[in-house]
Every structure is written in C-alpha cells, then in structure tokens.
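[1] Output the structure for:
(chains A and B, ligands or ions: 2)
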Amino acid sequence: MPVIVDNLTYTYGKGTLSRQVLKGVSFQANDGEVLIITGPSGSGKTTMLTIIGALRPFAQGRVEIHGVDLKGLDTRGLLDIRKRIGFVFQKHNLLKSLTVYENVEASLHGLPESSEETNRPRAHAMLRAVGLEGRGHGYPDAMSGGEQQRVAVARALVRLPDLIIADEPTASLDAASGRLVMAAMRDLATKLGCVVMIATHDERVFDIADRRLHMNDGRLEQVG
Amino acid sequence: MNLPFSTRLALRQIRYKGWGLIGACAGIAVAVVLIFAQLGFQGALVNSVLNLCRALKADIVLTGPQFETIAYSPPWFARDILYAAREVEGVRDALPAYIYIAQTRDVSDSRPLVARFIAFDPAYPILNIPEIERQTPELRLPDAVLMDSRSRQGFEQLLALYQRDGMQRVYLQTPNADLAPAFDVRGTFALGPDFTLPGTFVTSDLNYYRFFGVPLDRVALGLVTLAPGVDKAGAVAALQARLGEAVQVRTLEAFMQAERDYFTHSTPIGIIFMFGVGVGVLIGAVFVLQVLHGIIEANLSEYAVLRAMGYGDNFFLALVVQVATVLAVMAFLPSVLLTMLLYQWASTATGLTLALNPGLILTVFLATLIMSIIAVVLALRKLRRSNPLDLFT
Ligand SMILES: Nc1ncnc2c1ncn2[C@@H]1O[C@H](COP(=O)(O)OP(=O)(O)O)[C@@H](O)[C@H]1O
Ligand SMILES: [Mg+2]
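    Ligands and ions are numbered 1, 2, ... in the order given. Have a look, this model is predicted:
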C-alpha cells in the first residue's frame, strides 16, 4: 500500500495543558486515489496532514509512505521523503521575484534526477496540464488568484510525487477557479498514479473525490 | 545559465528589490569609504614617519638600548661604539647622526613651533638627499641650517620669506628670550612632514653643539654602511656580538618595520584607527542586515514552501550569504571611486600621501566581506522563523 496510517495518536502540549487531537487514526490509500478529508474546524485534519507530510514529529502510531516508515527518520531522511511529496496550501506562496515557469522549476532543483535539459520540458508540460500554457514567462503578480493556485498545483505535481497533500486549497478561490484547481489535481492523480489527500470544507468540490473521510474530534470515519 | 538555484534566487531577489536597494547600498558604500579613510590615514601617518628613515644612508642602524622611535628625541649612546663598529669585518663605515627636537619661534608672532634638527658632519652626509649634498658648503657655515621645504604649520611663512628675501634668521625658544640662540636658514631640501613634527631642519654637527650644548660624543643613531657584497644578516650578528648589550643592531628594513609597528601597536594611533574600521564594519553590517531582513520578512511563507519541498538549512544559508555578498560587491565598486576622490582631496589638504594600492583594496574588501558575514549571522535568526507548519490552516 502506498500510504498506510495505523493507529496514529497525537497530543499537543504536556501535563494538564495537554490535548489529544488525534485518537487512533487508521486508514490506507491506493495509488491514483483522491481522498477528501472533511470535518469541523479543530477536529484534527491539519494535524494529521502535517504528520503524514513528514513535517511534524510524532510518537504514537505508524505512518508509512511507499514502504518508508516516517518514525525514526533523521533530518536528512525527512527532507528526502518530503522531496517525494507535493504540497498545496490555501495560499499559493509563489516567489514574486521568479517567473511562473521558474516557480514551477524550483520544485525540481532539489530532486536527485534534476537536470537542466529535463526540467524545462517537465515544467512547461505541467503548466500546460493546469491550463496555463504560454504563461510561464510572466510573473505571479500578473495572474488571478485561481491562476496562481493552479501554478502552485503545477509546482506540487511537477515533481511526480508519490503523495499530494492539500490543505484547504480552494478556500480563497471562487467556485469556478476552485473547480479548475481540483480538476487539475484529479486529472494528474489519475495520470501519474499518486495518492492525493485534500482537507477541505468546500462542498462544491466533494464530487471529484474517490473517497470521503470525515474527521470528528480526532477520529476518522468513512462517509458513503 | 547553469548557476545553482540559490545563486539565481539570490540575484532575482536583489533585482526584484531594484531601486529600493539604493539607500542600503549608499549606506554600505559610506561604511566602506569610512574604512578606506581609516586605513588610508593610518597608512599615510605611519608612512610619514618613515620619510626620514627612507632617506637614511645606511644598511644597518645602531640605536641605544632604550630607543623606541625616531619620532621623539631618541636616547643617546656613546660615540666610541661607532669606532668599535668600524672594526667589524665587512663594515665600510659607521657614522653618527644627531637628532634634537626643539621649539623655534615663529618669525612673525613668536609663537613656538616644534621642529626636528638632524645633524651630522658635513664631510660625511648621512641622508640620501642630493639637494643636501649640493649645499654642503652652506652647511659648514656657522649657525647655518637647511630647511625642509615641505614643512607645514607655521613653517610655510618662514619658507615664503626665505624664498622671497633669501637667508632668514630664526630664534630658538628659550626661557630667557635675550639669550636665545639663533640660526640662519640658508637653503632648502624636500623631505616631507611627518604627523608628529611639522618641520625639519638639517645642520652640521658643530652647529648642533652650538645650538643645544649637547656634546658630540652622545649619538642618536649610528648609520652603518657595508662593503659591497657583504651579507646584512651576518653583519648584524657580527656587530651585535662585538658591541654587546650597549646598542640595538638592526638592518634598515627591520628598523623601519619597528617604526611602523611602534605607531600601529604601541601608540593609540593603531587602536584609534582600528576602532574606526570596526565602526565602519558594524555600520555596513547594519545596512546589509536591513536588506536581508527585508527580503526574508517578505518571503517567510515562500521560503517555508521551499522548506516543505525538502530544501534544507544549507540552501537558505547559501541564499543569504549570496545576497549579502552581491550587495557588498555592488556597494564596493562605487566606494573605490569615492575613495580615490577622498584620498586626492586629503593628500592635498594634509601633505600626507594617501594612496590606493592593491593590498589596501584587498584588505578593505575583506573587511566588507566580514561586514556581510556579521549580517548573515544576525539574519539567520529571522530565517529560522520560516516554518512550513505555518502554511497550514
Ligand atoms: N501548535 C498547536 N499547539 C496546540 N494546539 C494546537 C496546535 N495546533 C492545533 N492545535 C489544536 O489542535 C486541534 C486540531 O487542530 P487542527 O489540526 O488544525 O484542526 P483542523 O485542521 O481540522 O481545523 C485544535 O483544537 C487546535 O486548537
Ligand atoms: Mg486545518
């Protein structure tokens, strides 16, 4: 299984101020599968995604990504596993000083297979895939919010990740842009065969998911 | 373009700031010019003290055991030592030089002016200054002196009078004005002022005795010349062995280096100028830091995304180091031009020689890099504030 989460438990703080936010979360996801995670604010969605994204150390439970157990990885190992993950956030956070194309390409420089010859066509192909062909030489500031977010999606996907983690990716977009961004992720997940996990409140985009998981007070249950 | 990504990003972020950097660059440039000024003046001051040393006709210099610097009235040693020195193998000659620092009275208002008197036997000149050798007959006259035409501060007027009217009579400053000895300026030569003493006169050993009443068997400097082909280091060792603890024996080069060291390390001069350099470095660092902070602050979440992607601390360190270095270089080049103007102006204003040379440029460039490194170290704290966890909602 590409992604295995087993009995993941997480507590913020210590002693009397401690708060258990994840209470034995378990699920698995297949290649090419798009999971949408819903649930009320404060239920623990983000906490779970940051742990699976190798950004937050944890003590209890097990998380495995393509056979790599996240627990026991050192800093170097965590950086390496993050090179196989694509992140999409609510804000695009594109570097203003770089062109759109260069922003996408930045996602490739750290990778082991990065090379001048292959990076260029890969980045341009990914911009085409998110519907921004020919826009690579412009700067992010000259784009609409929806376009910027699609660049962010292209940046996350161009590295051909094993896993895409998106936290509220459409929260700051209008309905049409939101659908375009989601559709781009859906398409690419199918084509590239990676796992996509999206935490969202946005009911307008639920239908692109293969499965919907609902988080409630630190426990995960399947919906429908 | 095959530059590493950190380099490209550094250049782009600087370009993105564009004219917004002009203020910071000006600040860095001022700091760099300040450093140039400090080191330039220090070099010029120390160099000015060496004017006299450079003119000495000597391979080896003998001084009294307590001798520290030629800039003040040096302690005496016995002339007999020079006779002993002449007997050492390889020594061609060992000549006495007398130095006395005295106050003279200004020609118009009788203000005291400090001057250095250098005396020697006119038959055996000790200075490599052709004008002095040409005027040996004048030097032999009673009460005659030659004046350094590049003397400053009050001596200009004396020089102007001499050039207009010929011989000038000058009185030494003594408690009893009626008994004050006088001397006659009968010629000039060009040596150049040093910053400790505005004026220099050259006179004969006999006149020196007449003016100051110091017996001629008390010598300030012994100037040893060697026969052609004699090894200096060997001669120094032989002289020291023969003359013992009564004198210091040094090659002219070692003697000059000691003068240089004395002024840079044993007087407040070196500390004062180093302090100035330090202030310059700190001022520059503040301006570099300001730019780094601005760029980092504006990109906290952008950098956090790169961190999430797997870019580690080394990448960000390389990034800020390069931003700081490019800034330093951008500010450095105009600073060199400004410094050239400053040096030119300062040289005319003070009579000291301030010169840009590759060694000095390299030194200041290193100071500029230190400036950047300080700024980078201080900027790292802010850099650590970019955290991928803050990108989630
Ligand atoms: N750094 C933190 N320290 C302490 N508590 C936190 C921290 N981050 C989140 N929490 C708490 O953990 C709970 C879950 O938060 P989060 O995972 O962000 O939920 P969601 O993304 O579903 O809104 C919330 O009650 C939140 O207040
Ligand atoms: Mg959340």
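[2] quick one: residue A:164 is in a strand?
    Yes. Looking at residue A:164 with DSSP: H, G, I helix; E, B strand; the rest coil, it is inside a strand.
[3] okay but it is in contact with residue A:88, surely?
    Yes. Residue A:164 lies in contact with residue A:88 (Cβ atoms under 8 Å); the separation is 6.8 Å. For the C-beta atoms, the positions are set from N, CA and C on the backbone; glycine is no exception.
[4] Residues that sit against both of those two, list them.
    A:156, A:185 (Cβ atoms under 8 Å, 6 or more residues apart in numbering or on different chains).
[5] what's near enough to touch the one residue in the stretch 1-150 of chain B that gets nearest to ligand 2?
    Residue nearest to ligand 2 within the stretch 1-150 of chain B: residue B:9 (29.4 Å; Cβ to the ion). Neighbouring residues of residue B:9 by Cβ under 8 Å, 6+ apart: A:95, A:97-98, A:106, B:319.
[6] Now which of these would you call buried?
    A:95, A:97-98, A:106, B:319 (16 or more other Cβ atoms under 10 Å in any protein chain shown).
[7] ok, which stretches of chain A are helices?
    With DSSP state H as the criterion, chain A has helices at A:45-52, A:75-82, A:100-109, A:116-129, A:145-157, A:175-192.
[8] Around residue 30, how many other residues sit close by?
    All of this is about chain A. 13 (other Cβ atoms under 10 Å in any protein chain shown).
[9] think we crossed wires, I meant chain B
    Residue B:30 is flanked by 17 other residues according to other Cβ under 10 Å.
[10] Which positions within the longest strand along chain B qualify as buried?
    Counting residues, the longest strand in chain B under DSSP state E turns out to be strand B:91-105. By 16+ other Cβ under 10 Å, the buried positions in strand B:91-105 come out as B:91, B:94-100, B:102, B:104-105.
[11] who's in contact with the residue of chain A found nearest ligand 2?
    Relative to ligand 2, the nearest point of chain A is residue A:46 (3.2 Å; Cβ to the ion). Shown in contact with residue A:46 (Cβ under 8 Å, 6+ apart): A:167, A:199, B:392-393.
[12] and with 6 Å instead?
    A:167, B:392 (Cβ atoms under 6 Å, 6 or more residues apart in numbering or on different chains).
[13] Residue numbers of chain B in contact with chain A?
    B:5, B:12-13, B:16, B:301-302, B:305, B:308-312, B:388-389, B:391-393 (Cβ under 6 Å from any Cβ of the partner chain).
[14] rerun that using 10 Å as the cut-off
    Contact residues (Cβ under 10 Å from any Cβ of the partner chain) of chain B with chain A: B:1-2, B:4-6, B:8-17, B:295, B:298-313, B:315, B:387-393.
[15] Could I have the buried ones of these as ChimeraX selection syntax?
    Listed next is the ChimeraX selection for buried residues among those, using 16+ other Cβ under 10 Å:
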select /B:5,6,8,9,10,12,13,14,16,17,295,299,300,301,302,303,304,305,306,307,308,309,310,311,315,388,391,392
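[16] Just the residues of chain B next to chain A: which are in strands?
    Per DSSP E, the residues of chain B next to chain A never map to strands.
[17] what bridges to the spatially most central residue of chain A?
    Centroid-nearest residue in chain A: residue A:165, 1.7 Å away (criterion: Cα atoms, centre = their mean). Beta bridges link residue A:165 to residue A:87, residue A:197 when assigned by DSSP bridges.
[18] Assess the claim that it and residue A:84 are in contact.
    No. Contact criterion Cβ atoms under 10 Å: residue A:165 and residue A:84 do not qualify, at 11.3 Å.
[19] Now list whatever residues contact both of those two.
    residue A:54 (Cβ atoms under 10 Å, 6 or more residues apart in numbering or on different chains).
[20] What values do phi and psi take at the residue in the stretch 101-250 of chain B that ligand 1 sits nearest to?
    Going by Cβ to the nearest ligand atom, ligand 1 is nearest to residue B:195 of the stretch 101-250 of chain B, at 64.2 Å. The phi and psi values for residue B:195, taken as degrees, to the nearest 10, are phi -80, psi -10.
[21] repeat for residue A:130
    Torsion angles, degrees, to the nearest 10, at residue A:130: phi -100, psi 10.
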